[in-house]
Structures are given as structure tokens and as C-alpha cells.
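Asks: this one's sequence-less:
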């Protein structure tokens, strides 16, 4: 009889955590912001605002070249996921699981499992890194034939040899004096041969 009572207390203690921790929710694709709004509304109605203190669906800037112009768009760093910082108890767990758009709490089979501190720090580092610079997507691939748009060699055809997305440059092979010579060019100075 006493063993059953101990197990019940242990289960209760596992579900009731009064420290604030980050939990990961798997949500329906494209509904990350809607899920956050639904959760905020349900938590407010249940008077649990002091138990759930933050939500996150990180966005980053992503740059690409389109017709020689640099275009910056925002994209989700973790599509299909929402992060929630809260205490955890049966009531909060029930609200989260039954919010439209929430598929499941990641790692939760019988009870919710929060992110570890190193996991959370890694996510924050990825967000900070993406905010420091816009990621560039160069719409070319190695072996493409490209044209130079400006400068002394304007209109010349070159074969793309290497792409460096971090520096936003490409290396092309230029024929000079009968030899192929690698030349570094800014990615916005070339265009794909049509």
C-alpha cells in the first residue's frame, strides 16, 4: 500500500515543476504564430499568465540574389516548432496539448521534458549568429556559365568554379593568354547565362 502512495507522489512531483524551463512544441506547418496567439489567449483565460512567461518562434533574415539584386526575406529558423518558457503542471500541460495547431510536446510521452541548458544556449547562439549577418543564398551552382555585368570584362562568359556564400563571392575561370586563371568576383556582379 505504501509503495503505491510513493509512486503517486513521484508522478505528481515529475509533472509539477515550479521552475521556469523551455519546452519545445511540435506544431502544424505554417501555424507557429497562430499557435503562440492561441496559447496566449488560453493561458490568459485560465489565469496562468504568471506560470507561462515567454514564447518563441525564431526568425532570421535570409538574403538571395534575384536579377542581380540582393533580396532579404525572413524565414523561420525552426519551422514546425514553437518554444514556450513556463512552469509545468497538469493544467498547463493539458492546455498546451489541447491547443489547436499543437501536435505534441517534443520528448513528452508520459510527462513533458524541458530543454537542457546547453540545448537552449545552442539555440540562442544560432539565433544570434543569424542576426549578425544575413545568410546569403547564391542562385548559382558550380559549373554554371555566367556573364560579368560590369567592369572591363563586361559581357564575357565564364565558368563558375567555386561559391563562397559566407563572403558572397564566386571564383570563375577566366581565359587569359591561353590559360584558365581563377578570379574572385562578387556574386552580385554576375548573372546566369540564359
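Replies: Received the coordinates, thanks. No experiment lies behind these values; they were computed from the predicted model shown.

Asks: Going by neighbour count, which residues in the helix or strand hosting residue 94 are buried?
Replies: Using DSSP states H and E, residue 94 sits in helix 90-97. For helix 90-97, a neighbour-count test (16 or more other Cβ atoms under 10 Å) marks 92-93, 95-96 as buried. Glycine gets a C-beta too; all of them are placed from N, C-alpha and C.

Asks: excluding its backbone neighbours, what's nearest the residue nearest to the spatial centre of the chain?
Replies: With distances taken as Cα atoms, centre = their mean, the residue of the chain nearest its centroid is residue 77 (0.9 Å). The spatially closest residue to residue 77, leaving aside those adjacent along the chain, is residue 58, at 4.2 Å (Cβ to Cβ, 6 or more residues apart in numbering).

Asks: Could you pick out the longest helix of the chain?
Replies: helix 117-132 (DSSP state H).

Asks: and for it, what are the contacting residues?
Replies: The contact list for helix 117-132, computed with Cβ atoms under 8 Å, 6 or more residues apart in numbering, reads 22, 58, 60-61, 77-78, 83, 115.

Asks: Buried ones among those?
Replies: 22, 58, 60, 77-78, 83, 115.

Asks: mean confidence for the strand ranked longest in the chain?
Replies: Longest strand in the chain by number of residues (criterion: DSSP state E): strand 17-27. Averaging pLDDT along strand 17-27 gives 91.

Asks: Now that strand: buried residues?
Replies: Buried positions in strand 17-27, judged by neighbour count with 16+ other Cβ under 10 Å: 17, 21-25, 27.
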